[in-house]
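**Q** sharing a model prediction with you, sequence too.
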Amino acid sequence: MFYLNDMYLELDDGAQVKDTQDGYMTAVPRVARTGIQLYRGSELGVKDKDVVRIFRDESEVFAKDSLVSFAGKPFTDNHPPVMVNAKNWRKYSAGDAGDEILRDGEFVRVPMMLRDANTIAKVKKGKVQLSVGYGCNIDWTPGTSPQGEAYDGRQTDIRVNHIAVVDAARGGDKLSIGDGGQEVELHHPLYNADGAAFTTVQQKDETMTLKTMIVDGITVEMTDTAIQVVQRALDAASNNLKNLQQKKETDDKAAKDALDAANGQVAKLTTDLATANAKVTTLETQLKDAEMTPAKLDAMVKDRAIVIDKAKAMLPTVVVDGKTLDEVMKQVVDAKLGDAAKDWKPEQVKVSFDTLTAGVKITPVNDGVQRTAHAFTAQGGHQVNDAREKSYDAYDKRVTEAWKQPVGSA
């Protein structure tokens, strides 16, 4: 079982830092979090990798036994060279943790009280980051986190030994007591199961081997770990941009489809309106054409009179009262042609009637009243009542020559 100190957190605004009347400092800082941590291979005994990615998932960080192990643990000024226990507690302890361990999203918050005046003074001067010394097992089965990040191994059975106030933290400024964070020595002591230090790596950033990386056209020099972090951020930004572009394309297509559908509906409604207008115009024209005028009425009366006169000339017994012209013509055709015209249509009957009566001469009747009366009576056009005509002639003459009579004569 190895004991690693790699979780660094901060006394943020939510930590509620206060000074007591006795000069102690109290707070509820974040001291642990989930996610992937980057280690030098040499820290974990992995010789074939410069950087090792270790995953700490929430099921382990927030496990009951893991959270309980924070309670009552000592706060120290930097990590001691050995694990803290009852024998060396007085030597290394600068304060202690409370019992009300809280979860804050991906973080663990622990109530603390710093009692050592020197350590409190260092914190107020900017020594603000926290690092947990803890024990765990490492499962070296590689995998992928729920966020899609690959890892080389994962921590299990996490047990806290102490919490150190340090100058710089692996986890960055989110893992510190305040606004501090200075470029100083990084301490990564490893402990064996007996609590004795077997390795202490104390390296300055400036002694690390730097590699060149081009970021947005600018050449920069960084450590392997920094390159991994920057590359991960660049990949995440690239993926976010790609996702936004895909979403924009999807939204644009949906908007275009909606616009096309709306335009199609407008076109259909426009066509329907034009069709309806055409129908209205046609119906209005038909209605106007069907409107009965004096001229049309005269023409109809004249046509009926001619047909009836011809029919009576051909068939004196023809019945005209209450009959249409088609029915009148049908009587004549049936009388002349018999069964041959039995199933003929009105068009055929008219052609036959016109042929049969082509030689019939009809005396025209000029007077409109006489024409109408003549067309709807049983008298033939050539059988005009002579007495009636004589009476009309006498009346016309009397009216015409009335001006010749002396005034007062009868």
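**A** Thanks, I have the structure now.
**Q** ok, what's across the strand from the spatially closest residue to Asp139 that is not a sequence neighbour?
**A** Spatial nearest neighbour of Asp139, excluding adjacent residues (Cβ to Cβ, 6 or more residues apart in numbering): Arg154 at 5.1 Å. The way it works is simple: take the backbone N, C-alpha and C, and place the C-beta from them, glycine included. Arg154 forms beta bridges with Phe55, Asp139, as assigned by DSSP bridges.
**Q** count of neighbours near Arg154?
**A** Residues near Arg154, counting by other Cβ atoms under 10 Å, number 22.
**Q** who's in contact with it?
**A** By Cβ atoms under 8 Å, 6 or more residues apart in numbering, Arg154 lies in contact with 54-57, 60, 138-139, 141, 143.
**Q** if we use 10 Å, what do you get?
**A** Under the criterion of Cβ atoms under 10 Å, 6 or more residues apart in numbering, the neighbours of Arg154 are 36, 53-57, 59-60, 136-143, 145.
**Q** what's the answer for Asn88, then?
**A** 74, 80-82, 195.
**Q** what secondary structure does Leu38 sit in?
**A** Secondary structure assignment for Leu38 (DSSP: H, G, I helix; E, B strand; the rest coil): strand.
**Q** sketch out the low-pLDDT regions of the stretch 251-400 of the chain for me.
**A** Of all residues in the stretch 251-400 of the chain, those with pLDDT under 70 make up the ranges 363-400.
**Q** hmm, I was thinking of the stretch 101-250 of the chain
**A** For the stretch 101-250 of the chain, the stretches flagged by pLDDT under 70 are 168-211, 213, 215-217, 219-221.
**Q** tell me which stretches of it form helices.
**A** Defined through DSSP state H, counting those that start in this stretch, the helices belonging to the stretch 101-250 of the chain, from first to last, are 117-124, 224-290.
**Q** out of these, deepest packed?
**A** When you average the neighbours per residue for each of the helices of the stretch 101-250 of the chain (mean count of other Cβ atoms under 10 Å), helix 117-124 leads with a mean of 16.
**Q** alpha carbons only: can I get that helix in PDB?
**A** Extracted C-alpha coordinates of helix 117-124, given in PDB (Å, rounded to 0.1, in the frame of the first residue of the first chain):
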ATOM      1  CA  ALA A 117       0.700  30.600  15.300                       C
ATOM      2  CA  ASN A 118       3.700  30.200  12.900                       C
ATOM      3  CA  THR A 119       1.600  28.100  10.400                       C
ATOM      4  CA  ILE A 120      -1.300  30.600  10.700                       C
ATOM      5  CA  ALA A 121       1.100  33.500   9.900                       C
ATOM      6  CA  LYS A 122       2.400  31.600   6.800                       C
ATOM      7  CA  VAL A 123      -1.100  31.100   5.600                       C
ATOM      8  CA  LYS A 124      -1.900  34.800   5.900                       C
END
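**Q** can you list contacts of that helix?
**A** 11, 17, 19, 23-25, 27, 75-78, 93-95, 114, 116, 127-130, 165, 167, 177-178, 180.
**Q** buried ones only from the residues you listed, please, as a PyMOL command.
**A** When burial is assessed using 16 or more other Cβ atoms under 10 Å, the buried subset of the contacts of helix 117-124 is captured in PyMOL by this command:
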select buried, resi 11+17+24+25+27+75+76+77+78+93+94+95+114+116+127+128+129+130+165+167+177+178+180
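**Q** in strands, which of the contacts of helix 117-124 fall?
**A** Helix and strand membership here follows DSSP state E; of the contacts of helix 117-124, those in strands are 19, 25, 27, 75-77, 93-95, 114, 129-130, 165.
**Q** of those residues, closest to Lys253?
**A** Of all those, the one sitting nearest Lys253 is Gln129; the distance, using Cβ to Cβ, is 48.7 Å.
**Q** surely the closest one touches Val165?
**A** Yes: A contact is recorded between Gln129 and Val165 when judged using Cβ atoms under 10 Å, the distance being 7.4 Å.
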